[in-house]
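[1] need coordinates for the following:
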Amino acid sequence: MPEQLSFLQTNVNHSAGAQDLLLQSMVEWQVDLAVACEPYYVPPLPHWLGDSDETVAVLTRSGTGPPFSLIERGSGYVVVGRGEYIVVGTYFSPNRSLAEFETYLGLVRAAVARQSPKPIVVLGDLNAKSRAWGNPATNPRGRAVLVWALLSDLSLLNRGQVQTCVRHQGGFVVDVSFATPMAARRVVNWRVEEEFRTQGAPVTETMPPELLLRLVGELFPHPGGHVPPQMAPRSVIEDAVAPPLITEREMEMALSRLRAKNTAPELQRFLSQTLHLVEFPPIRVLHLVLSSAEP
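    Residues are numbered from 1 along each chain as shown. Sure, this is the predicted structure:
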């Protein structure tokens, strides 16, 4: 059976928790390579390579597989080589103009052309909608991407209509996968992982102790007649005393109740800065598997 190469791609939305989840899933699922759009941060490690603005990064599992090398990078795209494959990670903000988007697509097209005829995959979040990849309608950006893919000789790998971006007001498909014909012929599986979660510890086990203590104090500011015991020094808290095991669900319920009240502005600011550490909504990833040889 030919060797297989697996990829993940997702938008982690600058969330530390989502980025940790992506890394954990790469290990659990034995994924070779991932494209992370809007990463929480791009660490200065040899198995992480980001674009010039750190809006998208390509990463591999540390210490595995063939050499991983940077070929070129620009604003919103990074081109890397791994073995015989070229991987292009892409991200473009929804807040920029159509003219800027078309210029950006031209830059990515030129970067892809410079790597021909190698097998190339282009993975990322272009914030463009089209019926071709599962949206109910095609917007101007979607039409621009269709023309770009045709001119770049790229095949669309997306299948079905499963939403890749889910929000309270609705969902849509903006994460897309493309490949040159040589790479597209090697695709043996492409799917959307709809419930991207792992069975991890309660969120408060991994929160910094000082943040946990402040959060609990803000959530329960009036202890009544109860006088809490003297807190241990920070080193003791970190090394010997486990933090209280508040589950993720309990944290979400408490924050929801608190946000529904007329809370003070300072507390509202504190909560908005803390949410990325305590709220972990399910995110979706695209899972791509390629054979190392053409069928």
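[2] tell me how far L59 lies from V112.
    20 Å (Cβ to Cβ, to the nearest Å). Just so you know, the C-beta spots here come from the backbone N, C-alpha and C atoms, and that holds for glycine as well.
[3] can you check which helix is longest in the chain?
    Longest helix of the chain, by residue count under DSSP state H: helix 98-113.
[4] just the C-alphas of the very next helix or strand once past it, formatted as PDB.
    Next helix or strand after helix 98-113 toward the C-terminus (DSSP states H and E): strand 120-125. The C-alpha trace of strand 120-125 is given here as PDB (Å, rounded to 0.1, in the frame of the first residue of the first chain):
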ATOM      1  CA  ILE A 120       1.300  21.600  -5.200                       C
ATOM      2  CA  VAL A 121      -1.500  22.000  -2.700                       C
ATOM      3  CA  VAL A 122      -3.000  25.400  -1.800                       C
ATOM      4  CA  LEU A 123      -4.900  25.400   1.500                       C
ATOM      5  CA  GLY A 124      -6.400  28.300   3.500                       C
ATOM      6  CA  ASP A 125      -9.200  30.700   4.300                       C
END
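[5] tell me the angle the helix or strand following strand 120-125 makes with strand 120-125.
    Note on strand 120-125: by DSSP H and E, the next helix or strand toward the C-terminus is helix 140-151. Here the directions of helix 140-151 and strand 120-125 differ by 170 degrees (axes from the mean of the first three to the mean of the last three Cα atoms, to 10 degrees).
[6] and helix 140-151, what does it pack against?
    With contacts defined as 3 or more Cβ pairs under 8 Å, 6 or more residues apart in numbering; DSSP states H and E, helix 140-151 has these neighbours: helix 98-113.
[7] go through the helix it packs on and flag the buried ones.
    The neighbour-count check on helix 98-113 (16 or more other Cβ atoms under 10 Å) flags 101, 104-105, 108-109, 111-112 as buried.
[8] please tell me how far V122 sits from A18.
    Distance of V122 to A18, computed by Cβ to Cβ: 22 Å.
[9] okay, these two: which has more neighbours?
    The residue with more neighbours, out of V122 and A18 and counting by other Cβ atoms under 10 Å, is V122; that gives 28 against 24.
[10] need the contact list for the more buried one.
    With contact set as Cβ atoms under 8 Å, 6 or more residues apart in numbering, V122 has these partners: 88, 90, 108, 112, 154, 177-179.
[11] do you know the pLDDT at it?
    We note a pLDDT of 96 for V122 in this prediction.
[12] what does the one 3 residues further on give?
    pLDDT recorded at D125 is 91.
[13] same question, the one 3 residues further on
    According to the prediction, A128 has pLDDT 90.
[14] now it: how far from T90?
    Separation of A128 from T90 (Cβ to Cβ): 11 Å.
[15] cool, and V79?
    Here V79 is placed at a distance of 10 Å from T90 (Cβ to Cβ).
[16] my read: W190 touches F178, true?
    No. With contact defined as Cβ atoms under 8 Å, W190 and F178 do not form a contacting pair (11.3 Å).
[17] who's more crowded, the two?
    The neighbour count for W190 versus F178, taken as other Cβ under 10 Å, is higher for F178 (26 against 17).
[18] doesn't that one belong to a helix?
    No. Looking at F178 with DSSP: H, G, I helix; E, B strand; the rest coil, it is strand, so not inside a helix.
[19] just the pLDDT for it.
    At F178, pLDDT is 93.
[20] repeat that for the one 5 residues further on.
    Reading off the per-residue confidence, A183 sits at a pLDDT of 90.
[21] name the SS class of it, please.
    helix.
[22] what does L21 give?
    Using three-state DSSP, the secondary structure recorded for L21 is helix.
[23] could you check how far it is from K129?
    According to Cβ to Cβ, L21 and K129 sit 26 Å apart.
[24] check V78 too.
    From V78 to K129 the distance is 24 Å (Cβ to Cβ).
[25] what's the answer for L98, then?
    13 Å.
[26] joint contacts of these two?
    R141.
[27] low-confidence ranges in the stretch 151-295 of the chain?
    Across the stretch 151-295 of the chain, the ranges flagged by pLDDT under 70 are 160-171, 193-295.
[28] let's see it at 50
    Along the stretch 151-295 of the chain, the model assigns pLDDT under 50 to residues 197-205, 226-246, 261-283.
[29] show me where the protein has helices.
    Under DSSP H, the chain gives helices at 16-28, 98-113, 140-151, 181-184, 209-219, 234-239, 248-260, 265-278.
[30] many thanks, we can stop here.
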